[in-house]
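In: Okay, predicted coordinates and the sequence, questions at the end:
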Amino acid sequence: GAGVSQSPRYKVAKRGQDVALRCDPISGHVSLFWYQQALGQGPEFLTYFQNEAQLDKSGLPSDRFFAERPEGSVSTLKIQRTQQEDSAVYLCASSFGGYQETQYFGPGTRLLVL
Amino acid sequence: AQKVTQAQTEISVVEKEDVTLDCVYETRDTTYYLFWYKQPPSGELVFLIRRNSFDEQNEISGRYSWNFQKSTSSFNFTITASQVVDSAVYFCALSEAYGNNRLAFGKGNQVVVIP
């Protein structure tokens, strides 16, 4: 079956622009995660959804970052007024259940803020 | 505090050599899960293994093997008879019972297999 898909794969934004990153999880997966990966680093947790409920958003770096999953499937990560330090790869992952199950990752969106 | 430490940043090996990647973790939970992922140049994280804290049996899958030792809080990964296709960044990750399912990743090991 299809894996996790993300769009766009690449995004260039001017500083101050808003961006929206989309994640399509594996069909039927309850849990969805967003991670941020800076160059040369491991992914860092941003936020976690179980169905449409956002259960943990403690990793979001500022109030410019907002995520939603209104129907419990597709999720969007929005970054308002982008800054250069937001440049990173944004990874989405999904898992079947809600308890420490294997997370399957999408290809990521590479965001470059100029 | 770093929950997962992968000390070796870049490791170069000649094809057919074995390579071992060290992972040391830190947690107060008695129930937790450990993972290894591979990130090839394409960028997508590929799942390799998931192991829970109550299962200390070592595991072998083809040329890959894992050594889990709770006494030293380590979950090391060995690639036997390395191939050029093994060139990638490998990440060790920890999921704690009370961590809301989030994964805490190490900084990764860049493995370069020289033909």
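Out: That came through fine.

In: List the beta-bridge partners for A:Phe33.
Out: Taking DSSP bridges as the rule, A:Phe33 bridges to A:Tyr48, A:Ala93.

In: no no, B:Lys38
Out: What pairs with B:Lys38, by the bridge criterion (DSSP bridges), is B:Val46, B:Tyr90.

In: what about it, distance to B:Phe77?
Out: 10 Å (Cβ to Cβ, to the nearest Å). For glycine as for every other residue, the C-beta is placed from the backbone atoms N, C-alpha and C.

In: for chain B, what are the low-confidence residue spans?
Out: B:1-2, B:99 (pLDDT under 70).

In: near chain A, which residues of it?
Out: B:4, B:32-33, B:35, B:37, B:42-47, B:50, B:91, B:93, B:95, B:97, B:100-108 (Cβ under 8 Å from any Cβ of the partner chain).

In: which parts of chain A sit against chain B?
Out: Going by Cβ under 8 Å from any Cβ, the residues of chain A near chain B are A:31, A:33, A:35, A:40-45, A:48, A:55-56, A:59, A:89, A:91, A:93, A:95, A:98-108, A:110.

In: Pick out the residue of chain A closest to chain B.
Out: Relative to chain B, the nearest point of chain A is A:Gly42 (3.3 Å; Cβ to the nearest Cβ).

In: pretty sure that residue is touching B:Leu103, no?
Out: No - in this structure, A:Gly42 is not within contact of B:Leu103 by Cβ atoms under 8 Å, at 9.1 Å.

In: just the buried members of the residues of chain B next to chain A?
Out: B:4, B:32-33, B:35, B:37, B:43-45, B:91, B:93, B:95, B:100-108 (16 or more other Cβ atoms under 10 Å in any protein chain shown).

In: Spit out the contact partners of the residue positioned nearest the centre of chain A.
Out: By Cα atoms, centre = their mean, chain A has its centre lying nearest to A:Trp34, at 3.4 Å. Each residue near A:Trp34 by Cβ atoms under 8 Å, 6 or more residues apart in numbering or on different chains is listed here: A:23, A:45-48, A:67, A:75, A:77, A:90-93.

In: What subset of these is buried?
Out: By 16+ other Cβ under 10 Å, the contacts of A:Trp34 give A:23, A:45-48, A:67, A:75, A:77, A:90-93 as buried.

In: who's the residue in chain B that chain A sits nearest to bridged to?
Out: Closest approach between chain B and chain A, counting by Cβ to the nearest Cβ: B:Phe105, at 3.3 Å. For B:Phe105, the beta-bridge partners are B:Ala93 (DSSP bridges).
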